[in-house]
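Visitor: Give me a 3D structure for the following:
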Amino acid sequence: MIIDTVCTYCGVGCEISFKLDNDQIIKAFAKKEGAVSQGKLCIKGRKGWEYIYSPYRIKKPRIKKLFIQKNEKYLPEHIKRRLSSLVDFDKDFYESDYDLACDITAWKLKQIKDTYSPYAIAGIGGARTSCESSYFFQKFIRKYIGSPHIDNCARVCHSPSLKGMRTTIGEGAATNPFDDVYKTDFIMVIGSNTTEAHPIVANRILDVVRKGVELAVIDVREIPLSKFAKYHLTIPFESNLLVLNMLARVIIEENLYDEDFIRKRVKGFEQFREKILSDPFSDPELFKSIPGYEDLTEKIRSVARKYASGKSMIFWGLGVTEHIDGSYSVMAITHLALLTGNIGKAGAGLMPLRGQNNVQGTCDMGCLPYFDPDYRKPAEVGLMTPDIINAILKGEIRAVYNIGEDIAHIHPNQNKIHRALERLEFLVVNEIFPNEITRYADVVFGVKSAYEKEGVYVNAERRLHLSQPVVRSDLPDDWEVLNEIAKRMGIKTDYRNNEDVWNEVRIEAPDRFSGASYEKLKKNRLRGLQWPVKEKDTPVLHTGKFRTEDGYGRFHYKQWEKRGMPEELLDKKGFDGFYLTTGRNLIHYNNAAQTKECVSLISKIHTDTVFLSEEDRDILNSPEKVILRSAYGETEVLPVKFVNWLKKGTAYTTFHFAKSRINFLFGDEADIFVKTARFKSVKVKIIPVH
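Guide: Just a heads-up that it's a prediction; the model follows:
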């Protein structure tokens, strides 16, 4: 028996097929007719389903013993009478039946709402689940609870892409299909280790590079794609905006811009031109004054000329967005497309590489404090997650409902977050495995995984796929848990199944999804549909006009501000310590909640490793292990490897394992618009452990 569905790990969103025998998965593979997968899967696709059979799955709800002790005398009689049914699970938790856990959760949420206000409750998470559950989650928090405080992990990673692109072209999503790589003349990859984080997209890039398409890679380190690049630019930490503005200046100074496109479709060019030409930091000559990076002056000019000479595409990742100026850097990326007309046509466009397969969909569903579904303005703007944490510490937020978002591991400033979680009066978590956030939870609901349910997922190219169950599960879906709690809070709902929820999405978000019926999605299971979906879908955006109110694109110039590594190098002081950046490896995914439960994956890599430059080996006396320490915290003892793909004074590590405490190194510095943390640049001291 073969069942076709969608892989929900990274934002590539590959079609994936499972071969079953006796209702047991025996193999995962991809069919050649899959529009995204093209018959190929990375190792997470091939082996990353093994977690389904892990003995550590959360099968029954868990209730913290301390919560029962604190609340027992206040519980209503119909709940008190059933407490004897609770079963010891471990020293901290009972196991409960589903009905009792729903009753207790509904009672406590209502008590907090009535005692304090709806604003004392917040929702965090949702991008690891389906669109149906993400939509229902924001509705549950906004409408049923009455709180505007709803956020999801997209704001931790790619919200600067949303903000930057909406500011300049009116839409915060990829403009083209991945397959437009086969129609382009030039590719620029910036701040994305594509082969590790989005491998099936990297396959396409390598396909065309081998056939003669030129590639530029811009990063703080050399990455596997660098070996195939005509231009590799190792840039200093904190210099994305600096370099991107320089590329735009070269295009303007050398009259490489598309006058006709700008005249017809873009506003603000003359002011933009004046600002950039008068900005001393936009001149590539500046790099001749930055020791170790002098080669960038001519490389930037070469890349700008090549980008402007034909159809070009830009791919970027968290190496762009997870900075103080992430939103401004994305605006600077869109400026390049607006200057050259490299947008609104096949083979030319802007491609933010989303982290998880439903990060795009969860934002489309309105799981952000500043957007309703379809990116409408909400009645009231709520708090972003960092503000929610601050509000917990102030006693203003008393309860959090969390869906699949391990904020006790993958968010910055973990010392602060852990203090906040300890102060919460009530924390509810929907999860499939125990992890750091479930340790703090008062109620934990075990829910279906993506391979056990039906639902819509939207990948990084706006492509909707409808998943279907591969294996049977008696567990509820995320939205079903919320629906049961809502009923117990006295709210009348009449959703019978996932399709009922999705049909409401089509009404509430018609601009993108009105034509995307389950029937149509089932017929296109191996292709999917790219939103907006009306009678047909829309592979390429902005073909005739931009998705702004007046249809015009806009320049929005921001001068780079001198700071960080470039400032230290410009001032000729050099820098004391190391600059650290983080990222994924191919084997594991985010907090490794699922991948560490796959024997084929955890057996290959089971720890985070610190990578340092060979040039720093002697300075540190060749340690085998190190501790990283920043102004905010320190890691555990970690293994170290010395490599040739990092410059002197720079460091890199993954963050997959909570025990490593990598995210204790980061503070509250964040993008000024959407508070996406500065994960890709932190000053650290490296303490050798001999």
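
Visitor: And for residue 402, the neighbour number?
Guide: By the criterion of other C-beta atoms under 10 Å, residue 402 has 24 neighbours. To be clear about C-beta, it is placed using only N, CA and C from the backbone, and glycine gets the same treatment.

Visitor: So in terms of bridging, what pairs with it?
Guide: With DSSP bridges as the criterion, residue 402 is bridged to residue 124, residue 429.

Visitor: If I follow the layout properly, it ends up in contact with residue 426?
Guide: No - look at residue 402 against residue 426 with C-beta atoms under 8 Å: they stay out of range, at 11.0 Å.

Visitor: List of residues touching the lowest-mean-pLDDT helix or strand in the chain?
Guide: Sorting the helices and strands of the chain by mean pLDDT, DSSP states H and E puts helix 154-157 at the bottom, at a mean of 83. Contacts of helix 154-157 with the rest of the structure, by C-beta atoms under 8 Å, 6 or more residues apart in numbering, involve 127, 162, 318, 321-322, 354-355, 359-360, 362-363, 367-368, 384-385, 410-411, 674-677.

Visitor: Going along the chain, name the strands of the stretch 151-300 of the chain.
Guide: Assigned strands in the stretch 151-300 of the chain, in chain order: 186-190, 214-219, 231-234, 266-267 (criterion: DSSP state E, counting those that start in this stretch).

Visitor: Kindly apply the preceding question to the stretch 301-450 of the chain instead.
Guide: With strands called from DSSP E, counting those that start in this stretch, the stretch 301-450 of the chain shows them at 312-316, 349-352, 399-403, 426-431, 443-446.

Visitor: Could you list every helix and strand in contact with the last one?
Guide: Spelled out, that is strand 443-446. Counting contacts by 3 or more C-beta pairs under 8 Å, 6 or more residues apart in numbering; DSSP states H and E, strand 443-446 packs against strand 62-64, helix 98-115, strand 426-431.

Visitor: switch the cut-off to 10 Å
Guide: strand 62-64, strand 93-95, helix 98-115, strand 399-403, strand 426-431, helix 436-440, helix 478-488 (3 or more C-beta pairs under 10 Å, 6 or more residues apart in numbering; DSSP states H and E).

Visitor: Buried residues of stretch 546-562, list them for me.
Guide: Neighbour counts over stretch 546-562 (16 or more other C-beta atoms under 10 Å) mark 546-548, 552-560 as buried.

Visitor: Pick the one among the residues you listed closest to residue 527.
Guide: The closest of those to residue 527 turns out to be residue 547 (C-beta to C-beta; 23.5 Å).

Visitor: State the distance from that closest one to residue 337.
Guide: The spacing between residue 547 and residue 337, counted by C-beta to C-beta, to the nearest Å, is 14 Å.

Visitor: roughly how far is the least confident helix or strand of the chain from the heart of the chain?
Guide: Centroid displacement of helix 154-157 relative to its chain, using C-alpha atoms, centre = their mean, to the nearest Å, is 5 Å.

Visitor: For it, C-alpha coordinates in PDB please.
Guide: C-alpha atoms of helix 154-157 as PDB (Å, rounded to 0.1, in the frame of the first residue of the first chain):
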ATOM      1  CA  ALA A 154       7.700  32.700  12.300                       C
ATOM      2  CA  ARG A 155       8.300  35.900  14.300                       C
ATOM      3  CA  VAL A 156      11.400  34.200  15.800                       C
ATOM      4  CA  CYS A 157      12.900  33.600  12.300                       C
END
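
Visitor: How about the spatially most central residue of the chain: what's its closest non-neighbour residue?
Guide: Residue closest to the average C-alpha location in the chain (C-alpha atoms, centre = their mean): residue 355, at 3.7 Å. Counting by C-beta to C-beta, 6 or more residues apart in numbering, residue 355 lies nearest to residue 157, which is 4.7 Å off, once chain neighbours are set aside.

Visitor: what would the helices and strands packed on strand 443-446 look like in a markdown table with distance to residue 632 and mean pLDDT?
Guide: Listed next are these as a markdown table, based on distance: least, C-beta to C-beta, whole Å; pLDDT from 0 to 100:
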| stretch | distance to residue 632 | mean pLDDT |
| --- | --- | --- |
| strand 62-64 | 28 | 98 |
| strand 93-95 | 31 | 98 |
| helix 98-115 | 31 | 98 |
| strand 399-403 | 22 | 98 |
| strand 426-431 | 23 | 98 |
| helix 436-440 | 17 | 97 |
| helix 478-488 | 32 | 98 |
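
Visitor: I'd like to know which of the ones you listed lies nearest to residue 221.
Guide: For residue 221, the closest of the helices and strands packed on strand 443-446 is helix 436-440, at 28.0 Å, according to C-beta to C-beta.

Visitor: by contact count, what packs against that closest one?
Guide: For helix 436-440, the elements it packs on are strand 62-64, strand 399-403, helix 414-423, strand 426-431, strand 443-446, judged by 3+ C-beta pairs under 10 Å, 6+ apart.

Visitor: Ok, which of those comes nearest residue 20?
Guide: By C-beta to C-beta (comparing all of the helices and strands packed on helix 436-440), the closest turns out to be strand 443-446, at 22.6 Å.

Visitor: With just CA atoms, put that closest one into PDB.
Guide: Taking Å, rounded to 0.1, in the frame of the first residue of the first chain, the C-alpha atoms of strand 443-446 are listed here in PDB:
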ATOM      1  CA  VAL A 443      -1.300  20.300  31.500                       C
ATOM      2  CA  VAL A 444       0.200  18.500  28.500                       C
ATOM      3  CA  PHE A 445      -1.900  17.200  25.600                       C
ATOM      4  CA  GLY A 446      -0.500  14.500  23.400                       C
END
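
Visitor: average pLDDT for whichever helix or strand comes after it?
Guide: From strand 443-446 onward toward the C-terminus, using DSSP states H and E, the following helix or strand is strand 455-458. Taken as a whole, strand 455-458 has a mean pLDDT of 98.

Visitor: Model confidence score at residue 127, please.
Guide: pLDDT at residue 127 comes out at 86.

Visitor: ok so, going back, same list, the helices and strands packed on strand 443-446, but as TSV with distance to residue 626 please.
Guide: Converted to TSV, the helices and strands packed on strand 443-446 look like this (distance: least, C-beta to C-beta, whole Å):
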stretch	distance to residue 626
strand 62-64	36
strand 93-95	36
helix 98-115	43
strand 399-403	33
strand 426-431	32
helix 436-440	23
helix 478-488	40
